[in-house]
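Peer 1: starting from these lines, generate the structure:
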Amino acid sequence: MDPYTPRTRAGGRKKNLGLSAKEYTKITGTIASVRRHRHPQDNLDDDIDPRGHPSREGHSKSHNDSSFIAETSFVRAPLNSRVVSSTNAPKVKGKGKQESLDRVPLEIQEAMILEDLLFVLTGIEGTYITFHPDYSQDDDDPLRGIRFVVSPSLDSSLSDLVERVLPLGTYYTAIFAFVEHRSHLDYGLVNHALCAAMREMLRDYQTLLSQLEHAFNTSPSFSLQKLWFYVHPTVHTLSLIYQLILELATADDPSADLSSSSSSEDEEDEEDAARNEALGLGGAKLKAVLSEINKNDMGGVPGGASGISVKGGEVLTIIYERMQNMSGDPTAGKVYGKLLKAAGKPYVEMLRAWVATGRLMDPYEELLVKESKFIDRGILEMDYTDEYWERRYTLRDGSISSGSSKRHQAGVPPPRSIGGRLPGGACVPPLLETWKHKILLAGKYLNVIRECGIEMSRDPTHAVDEDISMDDERFYKFIEDAYSHANKTLLQLLLKDQQLIPRLRSLKRYFFLSQSSFLTHLLDLSSTELRKSSKSASVVKLQSLLDLALNTDAQGEDTLFRDDIKVTMAESGLYDFLLKVVTVSGVVKAEEGGEEEPAKKEKEDKKPMLAIDAMTFDYTVKFPLSLVISRKTILRYQLLFRFLLHLKHVEQALSSMWIEQKTTPWRCSVPNHPEFTGWRLRVCLLRARMLSFVQQILAFVTFEVLEPNWHALEGKLDKVTTVDQLLKDHVDFLDTCLKESMLTSSKLLRACSKLIVVCQTFALYSASFTKSANQAIAASSDKAEMDASKAKRWDVLGKFETNFNHWFQVHLDCVQFYASSDNVSLLPLVVRLNSVKAA
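Peer 2: Below you'll find the model as predicted:
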């Protein structure tokens, strides 16, 4: 049976509900007799007996009373006692207004206290049940309710029952004040729905009170025991709601607990106060300072450091946690379950709109999803951090993905000082904790589709009833279906409509040089321009030469996207940039190196960078493909391309040196100078080793790293089911390529870069070596001149051999170490480099 409605009486007792004339005369006569024998000092305003005649103590005031009050019809009216008599005598509040009940018969005491209780249960002060002496309407928190005390002169047998009923008045006033306070717009839709549910419960409670008042006025057998019998279930129900609003209020305003603790501190005994004063710990100044510190710690705002009121997901979390903590109480489960369902209804509606259409309608910031409106798709053009996808829509609690423990700290409010929960919408309801990432992604996918101009409506196949709550399995099936639908729709858009796979193939050709005849053509055409400094080279001229090279070597799908490839100049060298990224302890090592390292670094920085070292490609794509081929991924493509370009350029330079060494000075016979013949052989051998090293590195990166990983990526893209997995697979592919190409280890990178620079510098000495060879042949008849040039020739060659052998051994040792520990994919490179060493 509903706990808010009094139980129906048995049918045999209905005839006793009314009062006979004899019974009525007897009761009214008894009340009048009691009032005639009151003490003169009580000075009551309503000294009129039920028959309409003034009593002895009040006969001087009877002339001022309105004549209608004495009417019998009014006296017998049910609401007569609620009308205040308009007398000129001053009104007295509190205990001064009470009559002593010592001489009043027990039956009359019960009748009077019943009348008072009906007032008190609606928050109105009675005659014998008054406000607590410490209660102040201006100072006390209305959310804690009004405390009542009963007259000490009441019979103890009645007083015990009254004390059991009195908390109802406190609960009712507190809940009523909470409903009025939290119905304000700023508290959001969840609080509004919670207040509406509480208001509905209070309406049932008020219906119960009206039924009890009717029984009190019509039934002579109605007693205090019956009143307790009827309201007993309601006491427990309202106490549950009262405890809930107290938790909501204290979570919202930690100062409430501080004030209560300070009031308890004020009750310390005089001895402790004297001791604290002697130690310099007492006094009003110190208390003021401490309270100011506490206020500053809370940020001076009601919500603690965050200033966010309890709303949205935090309200649902508090209700759910209370329901779980009191799961052994069936009434608590029923009450809190009803409140959770009602309060969660607007939250569920906002979630359904988000996952079904991609629209975030959250005017009061209650939902777990947050929108950064200042980030739009236009930022993708110059966005290297991929802010649109990562930060346009995020979770308010800062969590990034289901498989990561990392969190976005920017924009995440600090947790509450009480309970440690995140405030407001940042607090994810426990029921949605495992679903929050799917909720976020489903809306993000649909939002991307909407940004493309495709309007999304709710999928009719996934429609659910309007009356659905968070504890309903249908709700989570709806989220799962919406997530799957959004995934399929966006994948279809990317893979089919936007031709993602052909785009990635074109990136492979242009950046990974899978069919790089165009690059050889470009390097031949632009050799003069690429020898200039990066600031002097003409990007426009290089772009036209690239277009010419692509036009003469266009194949298949590549012709569709060749206009998207552009030539740009990087601001820093490839190896310097990579070392800045991968070297975590660079500052410490620079300090250990003393003064020589910074001076050397400064000298290198002043040296202008050549165009061949700065040239790279850029690739332009439009939304929504820019989500997959973002600036972040294009940067990875550029790093790999610049590494391959550098290797190609050095290979081409060493090949040109080999062609030059087929000329006469290197082939003619000089039998009288075996030293010169040995020098020529050593130069050709060093050039062959360098060329072999560069070609082995290039072959390893292209055939052992890029091609296998590309085929693995294609296999994953054929089976991909979610957009997020597509993005992850693409980035993982690029990261794996960078790692296996030795571009993420500072030791490998430093050794490899030194080797390639030695090879590049050696190739630049090709003309110098040929000149030395010609001079040696010309001076073969003059022994003195031959000896002078001999020392210089061997000195230059010796330096190149020493540098190459040293860094080659360092690089080989690093590759062997990482191949056996961290990067197994380097094992084929170990075999390749050993062949170079053997040569």
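Peer 1: in the helix or strand where Cys814 lies, what counts as buried?
Peer 2: Element membership for Cys814 (DSSP states H and E) is helix 783-821. For helix 783-821, the neighbour count (16 or more other Cβ atoms under 10 Å) marks 786, 790, 793, 796-797, 800-801, 803-804, 807-808, 810-812, 814-816, 818-819 as buried. Yep, even glycine has a C-beta here, placed from its N, CA and C like the rest.
Peer 1: do stretch 721-738 as well
Peer 2: Result for stretch 721-738 [16+ other Cβ under 10 Å]: buried residues 722-724, 726-727, 729-731, 733-734, 736-738.
Peer 1: end to end, how far does stretch 662-677 reach?
Peer 2: Terminal residues of stretch 662-677 lie 14 Å apart, using Cα to Cα, to the nearest Å.
Peer 1: could you give the mean pLDDT of it?
Peer 2: Average pLDDT, stretch 662-677: 70.
Peer 1: wait, isn't Leu574 in contact with Phe643?
Peer 2: Yes: using Cβ atoms under 8 Å, Leu574 is in contact with Phe643, at 6.4 Å.
Peer 1: between these two, who's got more neighbours?
Peer 2: A count of neighbours by other Cβ atoms under 10 Å puts Phe643 above the other of Leu574 and Phe643, at 24 against 21.
Peer 1: buried ones in whichever strand or helix holds the more buried one?
Peer 2: In this assignment (DSSP H and E), Phe643 forms part of helix 631-660. For helix 631-660, the neighbour count (16+ other Cβ under 10 Å) marks 631-634, 636-654, 657 as buried.
Peer 1: tell me the contacts of Lys566?
Peer 2: Gln543, Phe617, Asp618, Tyr619, Thr620 (Cβ atoms under 8 Å, 6 or more residues apart in numbering).
Peer 1: from Met615, how far out is it?
Peer 2: Per Cβ to Cβ, to the nearest Å, Lys566 is found 11 Å from Met615.
Peer 1: following the helix holding Cys814, which helix or strand comes up?
Peer 2: helix 827-838.
Peer 1: part of a strand, is Lys334?
Peer 2: No: under DSSP: H, G, I helix; E, B strand; the rest coil, Lys334 sits outside any strand and is assigned helix.
Peer 1: ok, and what's touching stretch 119-131?
Peer 2: So stretch 119-131 is contacted by 82, 94-95, 97-99, 101, 112-113, 115-117, 146-151, 154, 162, 165-166, 168-169, 172-173, 176, 206, 209, 231 (Cβ under 8 Å, 6+ apart).
Peer 1: so of the contacts of Lys566, which ones are in strands?
Peer 2: Phe617, Asp618, Tyr619 (DSSP state E).
Peer 1: and which of these is nearest Phe762?
Peer 2: Phe617 (27.5 Å; Cβ to Cβ).
Peer 1: right, and that closest one touches Ile565 too?
Peer 2: Yes: the pair Phe617 and Ile565 qualifies as a contact (Cβ under 8 Å) at a distance of 5.6 Å.
Peer 1: show me whatever sits in contact with both of the two.
Peer 2: Shared contacts of Phe617 and Ile565 (Cβ under 8 Å, 6+ apart): Tyr510.
Peer 1: just the buried positions in stretch 755-768, please.
Peer 2: Leu755, Ile756, Val757, Val758, Cys759, Gln760, Phe762, Ala763, Tyr765, Ser766.
Peer 1: need the pLDDT of the last one.
Peer 2: With respect to pLDDT, Ser766 has a value of 75.
Peer 1: equivalent analysis for the third one, please.
Peer 2: Reported pLDDT at Val757 in the predicted model: 88.
Peer 1: next, format the contacts of Lys566 as JSON lines and append pLDDT, neighbour count and distance to Arg450.
Peer 2: As requested, the contacts of Lys566 are exported to JSON lines (pLDDT from 0 to 100; neighbours: other Cβ atoms under 10 Å; distance: Cβ to Cβ, whole Å):
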{"residue": "Gln543", "pLDDT": "91", "neighbour count": "14", "distance to Arg450": "36"}
{"residue": "Phe617", "pLDDT": "91", "neighbour count": "20", "distance to Arg450": "32"}
{"residue": "Asp618", "pLDDT": "91", "neighbour count": "13", "distance to Arg450": "28"}
{"residue": "Tyr619", "pLDDT": "90", "neighbour count": "19", "distance to Arg450": "26"}
{"residue": "Thr620", "pLDDT": "87", "neighbour count": "13", "distance to Arg450": "23"}
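Peer 1: which of those sits closest to His711?
Peer 2: His711 has its nearest neighbour among the contacts of Lys566 in Tyr619, at 21.5 Å by Cβ to Cβ.
Peer 1: surely that closest one touches Ser630?
Peer 2: No: with contacts counted by Cβ under 8 Å, Tyr619 stays clear of Ser630, the gap being 10.8 Å.
Peer 1: circling back to that earlier point, for Leu440, state which of the ones in strands among the contacts of Lys566 is nearest.
Peer 2: Using Cβ to Cβ, Tyr619 comes nearest to Leu440 of the ones in strands among the contacts of Lys566, at 28.7 Å.
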